[in-house]
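Trainee: Model the structure of this input:
(2 chains)
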Amino acid sequence: KAGVTQTPRYLIKTRGQQVTLSCSPISGHRSVSWYQQTPGQGLQFLFEYFSETQRNKGNFPGRFSGRQFSNSRSEMNVSTLELGDSALYLCASSLGQGMNTEAFFGQGTRLTVV
Amino acid sequence: DQQVKQNSPSLSVQEGRISILNCDYTNSMFDYFLWYKKYPAEGPTFLISISSIKDKNEDGRFTVFLNKSAKHLSLHIVPSQPGDSAVYFCAANAFLIQGAQKLVFGQGTRLTINP
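Mentor: Coordinates of the predicted model:
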């Protein structure tokens, strides 16, 4: 069974640009959530999508957005990049229904803003 | 506002001994807890979880204990092996919507297993 796949693995962007990251969940999983990891703030929740709808949202500015497609694949977009957006972006997939559903993470996308 | 806290940034244990990693939380709405192991530049690997209706869950060498009244959980690894050296994260979820994911993570504990 394939795990969670994130592309690309590494990305370098210039301040002010925008970026799109992609996540393919485990087959059968309908929930995709996104997290940002930085040395100073640790792992922080961005948002969660389930059945193409945003179900939960963290405390990030509107420059961070996402969407989910009918096949459960998800994309995350960051517009007007700032130096502080440099981080490891992680995607997690889970069944999304019922109790006690574990979240499984992808390898992450390392974004560097210069 | 740190809702999930791992107060020990690092822990060093001898191979074969027990490793105990601790985690405290403040939000009484949390009802599901998970432990992850992480290597640098990789995604966290799920280890074990526990629902708030239980006080213990075992999976092989890993056991998680939950003390709801103290808002405290711990991960026991017995026996510790060199491959266990990694950063361990405690995470909590509140099922405001059943099945919804909004994990709140602790800051992590770096575990080093010495031969």
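Trainee: Could you find the closest non-adjacent residue to the closest residue to chain B within chain A?
Mentor: Residue nearest to chain B within chain A: A:Phe105 (3.6 Å; CB to the nearest CB). No exception for glycine: its C-beta is placed from N, CA and C like everyone else's. In space, and not counting its chain neighbours, A:Phe105 is closest to B:Gly43: 3.6 Å by CB to CB, 6 or more residues apart in numbering or on different chains.
Trainee: Now the residue of chain B found nearest chain A, what are its backbone angles?
Mentor: The nearest approach of chain B to chain A comes at B:Gly43, 3.6 Å away (CB to the nearest CB). Backbone torsions for B:Gly43, taken as degrees, to the nearest 10, come to phi -80, psi 160.
Trainee: quick one on the thing from earlier: quick check: bridge partners of the residue of chain A closest to chain B?
Mentor: A:Ala92 (DSSP bridges).
Trainee: and B:Ser85, how many residues sit next to it?
Mentor: Look at B:Ser85: counted by other CB atoms under 10 Å in any protein chain shown, it has 18 neighbours.
Trainee: I meant B:Ser69, not that one.
Mentor: 5.
Trainee: separation between it and B:Ile18?
Mentor: 24 Å (CB to CB, to the nearest Å).
Trainee: just to revisit the earlier point, quick check: the residue of chain A closest to chain B vs B:Ala70, distance?
Mentor: In terms of CB to CB, A:Phe105 sits 28 Å off from B:Ala70.
Trainee: ditto for B:Asn27
Mentor: From B:Asn27 to B:Ala70 the distance is 14 Å (CB to CB).
Trainee: neighbour count winner among the two?
Mentor: B:Asn27 (13 against 9).
Trainee: I'd assumed the more buried one was in a helix, is it?
Mentor: No. Assigned with DSSP: H, G, I helix; E, B strand; the rest coil, B:Asn27 falls outside any helix and is coil.
Trainee: so what's the backbone phi/psi at the closest residue in space to it that isn't next to it in sequence?
Mentor: Computed as CB to CB, 6+ apart, the closest residue to B:Asn27 that is not its neighbour in sequence is B:Gln3, at 4.8 Å. Dihedral pair for B:Gln3: phi -80, psi -20, per degrees, to the nearest 10.
Trainee: List the contacts of B:Gln3.
Mentor: Residues near B:Gln3 by CB atoms under 8 Å, 6 or more residues apart in numbering or on different chains: B:Tyr25, B:Thr26, B:Asn27, B:Phe30, B:Ala92, B:Val104.
Trainee: same question, B:Leu103
Mentor: Applying CB under 8 Å, 6+ apart, the residues near B:Leu103 are A:Ser33, A:Tyr35, A:Leu43, A:Phe45, A:Ala92, A:Ala103, B:Leu34, B:Ala91, B:Ala92, B:Asn93.
Trainee: go on, B:Ser12?
Mentor: B:Ser12 neighbours (CB under 8 Å, 6+ apart): B:Leu111, B:Thr112, B:Asn114.
Trainee: Specify which member of those residues is nearest to B:Lys56.
Mentor: Minimum distance to B:Lys56 across the contacts of B:Ser12 is 20.6 Å, recorded for B:Leu111 (CB to CB).
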